[in-house]
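Novice: Model the structure of this input:
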Amino acid sequence: MANVIYTAEAHVTGGRAEGHGRTADGQLEVDLRLPKEMGGEDEGTNPEELFAVGYAACFEGALGTVARRAKQETGDVGIDSKVMLVTTEDRAFTVAVELDVSLPAIEDPAEAVALVAAAHKVCPYSNATRGNIDVTLTANGQPVS
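Specialist: All right, here's what the predicted structure looks like:
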């Protein structure tokens, strides 16, 4: 294993339908429930919502890193993230992700796309999911390939 910088720890009981999760440091504690679309009452959060927040936050950090390296100013970055739970042909499940990145300080569409593409190469979540799930990116409304 490479040099570990940080380790997050959590404990979950009850799974996604009637679960409870808590980080080891006590900073995050959540009730896990099924979303309404899956027959739940929507009284807690779910793994997809947590992943959507985590991926977007991680990606914003990666944007900051690549912008600093390129001596660029991104302004107040905003990321709208979607994580979809998807069924597969063999009756398994996977997720798909959409990240819509807003870079208000970057007016040139090509520059915004290049910055988001570079962040996608640096982001730990992007690297963990690359080749495993569909991830769709946009930068200031432009598709990123």
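Novice: Counting neighbours, what do you get for Ala118?
Specialist: Around Ala118 there are 19 other residues, counting by other CB atoms under 10 Å. All C-beta spots, glycine's among them, are computed from the backbone N, C-alpha and C.
Novice: Which strand or helix spans it?
Specialist: Taking DSSP states H and E as the criterion, Ala118 maps to helix 109-122.
Novice: Following the chain past that helix, name the next helix or strand.
Specialist: helix 124-129.
Novice: The helix holding Ala118: which residues count as buried?
Specialist: 112-116, 118-120, 122 (16 or more other CB atoms under 10 Å).
Novice: Select the helix or strand of the chain having the lowest average pLDDT value.
Specialist: helix 15-18 (a mean of 93; mean pLDDT, DSSP states H and E).
Novice: Quick one: list the elements packing against that helix.
Specialist: Packing contacts for helix 15-18, counted by 3 or more CB pairs under 8 Å, 6 or more residues apart in numbering; DSSP states H and E, involve strand 29-33.
Novice: Let me see the mean pLDDT of the strand it packs on.
Specialist: The predicted model gives strand 29-33 an average pLDDT of 97.
Novice: mind listing what's buried in it?
Specialist: 30, 32-33.
Novice: Relative to Ile133, which of those residues is nearest.
Specialist: The closest of these to Ile133 turns out to be Leu32 (CB to CB; 20.8 Å).
Novice: The nearest residue to the closest one once chain neighbours are set aside: how many residues sit nearby?
Specialist: Excluding the flanking residues, the one nearest Leu32 by CB to CB, 6 or more residues apart in numbering is Gly19, at 3.5 Å. The tally of other residues near Gly19 (other CB under 10 Å) stands at 18.
Novice: ok, now Val95?
Specialist: Other residues near Val95 come to 19 when the count uses other CB under 10 Å.
Novice: Helix, strand, or coil at it?
Specialist: strand (DSSP: H, G, I helix; E, B strand; the rest coil).
Novice: pretty sure it contacts Leu85?
Specialist: Yes: with contact defined as CB atoms under 8 Å, Val95 reaches Leu85; the gap is 6.0 Å.
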